[in-house]
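A.B. asks: Quick one, fold the following:
(chains A and B)
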Amino acid sequence: MKYLALIYDTEGAGPAPGTPEFDAYMERWFAADQAFKDAGVLVGGEALEPSSTATRVRVRGGKTETMDGPFAETKEQLGGYYVFDCEDLDEALEYAAMIPVGETGTVEVRPIMDLSGVG
Amino acid sequence: MTADRAAVERLQAELAAIMRADWGRLLAVLIGDLRDFQLAEDCLSDAFTSALEHWPRGLPSNPRGWLLQVARRKAIDRIRRAKTRVRSRPDLAYLMALDAEELAPAHEIPDDRLRLIFTACHPALAPKTRIALTLRTLCGLATPEIARAFLDKPATMAQRLARARTKIARAAIPYAVPEPSAWDERLASVLTVIYLIFNEGYSASAGEAPVRHTLCDEATRLARALDALRPGEPEILGLLALLLLNHARSPARLDATGAAVPLEEQDRTRWDQALAREGLELVETALRRGRPGPFQLQAAISAIHVEAASFEETRWDEIALIYERLLELTPNPVVALNRAVALSFAVGPGAGLASLPSGLEDYQPYHAARADMLRRAGRVRPARAAYDRALALTGNDGDRALLERRRDALA
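C.D. replies: Okay, here's the model as predicted:
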C-alpha cells in the first residue's frame, strides 16, 4: 500500500546555506533518505523550490488562466514529499515521523488510491 | 395475548440481551475474518434479524456461535453478489473453510476485542469519532443513541461513523494490537476514550438521566473488559479505579431538582460503599506496581476524597502533592487549576489564587473556582464579577443553579 507524505513547513525557518547548522540539517535529511532506502519502503521523494516560484494554472470556459503564487497563502507551505510503500498506516506514520522537518513542520500522510483493479 | 406472542417477546428479550452483552465480541471476530468494518457490521445486523425469524422454531444450542456462522454466510453471499471489486476483499476460501467448521455447542468464540478497541481508538481518527466508533462497535449502541449522547442529529452521527469506517479501510489503519514501542501512547488513547465516555455520561444534565447511566455503565464495562484482556496493566487498573470511585460519589452529586451539589455539601452517607471499596482496592493494587501514570494518580486523588470522613478532614495537602506529580506527567493548565484549588483548601484561598494558571480565560470551571476562592477570601466585588463570568460560560442547568446561589449569597 502506497502513501504520500506531504511535508509542510514555514519557509525560511531552516538554517541558512553555508552555515555549519545547515550542513548538520542536510545530514539529517540524507540519513532519513538512507534509512527509508534501507528499510525498502522508499518509492520516491523530492524537495521543492520555494512557494514564491509557484504558478497556478486552470482552464475556465476553454480559456487557460495563469496566476502567480501557491494555491493557498498560508504560513506553512508544501516543501517536498516522499512516497512510501508500507504494510499499513501505522508503518507509514512511523516513517513519516522520521522525516526531519523539526519543530515547525508537519507531515500529512495520505493513502495513494489503488487503481490497479479499475477498468 | 397468545402463547406465541409471549414466546416471541421472550425471544426478543433474549436477543436484546445477547446483543448488549456480546455485540462487541462477535463483531471483533467478524472484522478479523472480513477485514471490513462496514461489511462486518452489516452482516452481524443481518444475523440478528435472521435470528428473529429462525429462533422461534427452536433456540440453537450455541446462540452466539449460530449468530457468527450466519453472519459469515451473509458475508459470503454479499461478496459473491458484489459486482464491483471489493477494496480489501476478504478471502472467500478462508471464509468458507471457517463456515465448514463443526459448530460445537460449547465452541469458544475467541475474544478479539483488544484489536477492535485499539483500532476504534486509533489516534488517526478525530477524538469524537473514536468515542462514537467505540460506542457503536464495542458496546453495540445504536447510532441514534450515540447521536443523543452528543446532542447530534442521527444523520450527522451516521455520517461521522461512515467516514470513520471508510478511513479505516482506505488509509489501512491496521486491525491490530500495537507494537510494544507504541503501546504506552496507544493505550493512553484508548483509556482517554473510555474516560471521556464516562465523563460524557457523568456531566449530562438531569433531564438526560437514561443517556447518563448508559454511558457511565458502558465506560465501566469497557474498562473491566480491557483489564480482563490485559491483566495487571497498572494504568488500566487506575482508570477502572477512577471510574468506580467517581461513580461511587455520583448518588450525592445532584439534588432532587437536578442542581449540582458541591463536594463540601454532599451527603457522604449516600456514596456507594461497595463501589468505593472496590475502587480503593484497585488503586492500591495499581500503585503497588510502581509505575504510576496519569489515571492512577487521578484515582489516588479520588480515593483520598472517598476515604475522608468529611470535607474538612480531607487530606488536601496530599491531594495538592499528587496534582503536582500529575502536572509533571501531563503539563496542562486544567491540572494546574485543580492543584490551585487543592492548595486553596490545604493552605488558604490566598495560596490558591496565587497559583491559578493563565490560559483558561474561556474555561467555565476556572472562573467558578476563582469566584469561590475570592468569596472565601472575603473579596466580595471581584467574587461577584467572577461568578458572573462563570455563569456566562455555563450551559448546564445544574451548574447554573449552584453558581447563582453562591453569587446571590455574597454579602
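
A.B. asks: Give me the buried stretch members for the host helix or strand of B:Leu30, please.
C.D. replies: B:Leu30 is located in helix B:3-34, with elements delineated by DSSP states H and E. Neighbour-count burial for helix B:3-34, with 16 or more other CB atoms under 10 Å in any protein chain shown as criterion, is recorded at B:15, B:18-19, B:22-34. The C-beta positions use only the backbone N, C-alpha and C, and glycine is treated the same way.

A.B. asks: Now for these: which two are most distant?
C.D. replies: Greatest spatial distance among the buried residues of helix B:3-34 (CB to CB): B:Leu15 and B:Gly32, at 23.1 Å.

A.B. asks: Low-confidence ranges, the chain, go.
C.D. replies: Answering for chain A, as no chain was given. Applying pLDDT under 70 to chain A picks out residues A:117-119.

A.B. asks: wait, chain B
C.D. replies: Scanning chain B for pLDDT under 70 picks out B:1-3, B:83-90, B:102-107, B:203-212.

A.B. asks: mind giving me the domain ranges of it?
C.D. replies: B:3-100, B:125-173, B:361-411 (automatic domain parsing).

A.B. asks: Highest mean neighbour count across these, which stretch is it?
C.D. replies: domain B:125-173 (a mean of 19; mean count of other CB atoms under 10 Å in any protein chain shown).

A.B. asks: which residue is nearest the middle of chain A?
C.D. replies: Chain A has A:Tyr81 as the residue nearest its centroid, 2.1 Å off, counting by CA atoms, centre = their mean.

A.B. asks: which stretch of helix or strand covers that residue?
C.D. replies: A:Tyr81 belongs to strand A:76-85, assigned by DSSP H and E.

A.B. asks: Please list all residues in contact with residue 52.
C.D. replies: Assuming you mean chain A. A:Ser52 makes contact with A:Gly69, according to CB atoms under 8 Å, 6 or more residues apart in numbering or on different chains.

A.B. asks: Let me rephrase: I mean chain B.
C.D. replies: B:Leu11, B:Gln12, B:Leu15.

A.B. asks: now do 10 Å
C.D. replies: B:Leu52 makes contact with B:Val8, B:Leu11, B:Gln12, B:Leu15, according to CB atoms under 10 Å, 6 or more residues apart in numbering or on different chains.

A.B. asks: any chance of these in JSON lines, with distance to chain A too?
C.D. replies: Shown next, in JSON lines, are the contacts of B:Leu52 (distance: CB to the nearest CB, whole Å):
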{"residue": "B:Val8", "distance to chain A": "45"}
{"residue": "B:Leu11", "distance to chain A": "41"}
{"residue": "B:Gln12", "distance to chain A": "40"}
{"residue": "B:Leu15", "distance to chain A": "35"}
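
A.B. asks: What is the nearest of those to B:His122?
C.D. replies: Relative to B:His122, the closest of those is B:Leu15; by CB to CB it sits at 30.7 Å.

A.B. asks: so that closest one sits right up against B:Ala51, yeah?
C.D. replies: Yes. B:Leu15 is within contact range of B:Ala51, at 5.8 Å (criterion: CB atoms under 10 Å).

A.B. asks: Give me the common contacts of the two.
C.D. replies: Contacts common to B:Leu15 and B:Ala51, judged by CB under 10 Å, 6+ apart, are B:Pro63, B:Leu67.

A.B. asks: For the one helix or strand B:Glu284 maps to, which residues meet the burial criterion?
C.D. replies: Element membership for B:Glu284 (DSSP H and E) is helix B:273-288. Buried residues in helix B:273-288, counted by 16+ other CB under 10 Å: B:Leu275, B:Ala276, B:Glu278, B:Gly279, B:Leu280, B:Leu282, B:Val283, B:Ala286, B:Leu287.

A.B. asks: Show me which residues of chain A sit near chain B.
C.D. replies: A:1, A:3, A:86-94, A:109-111, A:113-114, A:116-118 (CB under 10 Å from any CB of the partner chain).

A.B. asks: Just the buried ones among these, please.
C.D. replies: A:Met1, A:Tyr3, A:Cys86, A:Asp88, A:Leu89, A:Asp90, A:Glu91, A:Ala92, A:Leu93, A:Glu94, A:Val109, A:Pro111.

A.B. asks: so what's the third one up against?
C.D. replies: Okay, so that is A:Cys86. A:1-3, A:39, A:41, A:43, A:92-96, A:109, A:111, B:172.

A.B. asks: one more time with 6 Å, if that's ok
C.D. replies: Residues near A:Cys86 by CB atoms under 6 Å, 6 or more residues apart in numbering or on different chains: A:Tyr3, A:Val41, A:Ala92.

A.B. asks: Reformat the contacts of B:Leu52 as CSV; add distance to B:Leu141.
C.D. replies: Below are those laid out as CSV (distance: CB to CB, whole Å):
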residue, distance to B:Leu141
B:Val8, 24
B:Leu11, 22
B:Gln12, 18
B:Leu15, 16
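
A.B. asks: As a check, name the ranges of all helices in chain A.
C.D. replies: With DSSP state H as the criterion, chain A has helices at A:20-39, A:89-96.

A.B. asks: how much space between A:Arg58 and A:Ser51?
C.D. replies: Using CB to CB, to the nearest Å, A:Arg58 is found at 17 Å from A:Ser51.

A.B. asks: In the stretch 251-400 of chain B, what residue spans correspond to helices?
C.D. replies: B:273-288, B:294-307, B:316-329, B:333-346, B:349-354, B:364-376, B:380-392, B:397-408 (DSSP state H, counting those that start in this stretch).

A.B. asks: wait, which of the ones you listed is closest to A:Gly14?
C.D. replies: Proximity to A:Gly14 (CB to CB) singles out helix B:333-346 among those, at 31.5 Å.

A.B. asks: which of the residues in that closest one are buried?
C.D. replies: So, applying 16+ other CB under 10 Å, buried residues of helix B:333-346: B:333, B:335-346.

A.B. asks: Which residues are in contact with B:Pro144?
C.D. replies: If you count contacts by CB under 6 Å, 6+ apart, then B:Pro144 has B:Pro154 around it.
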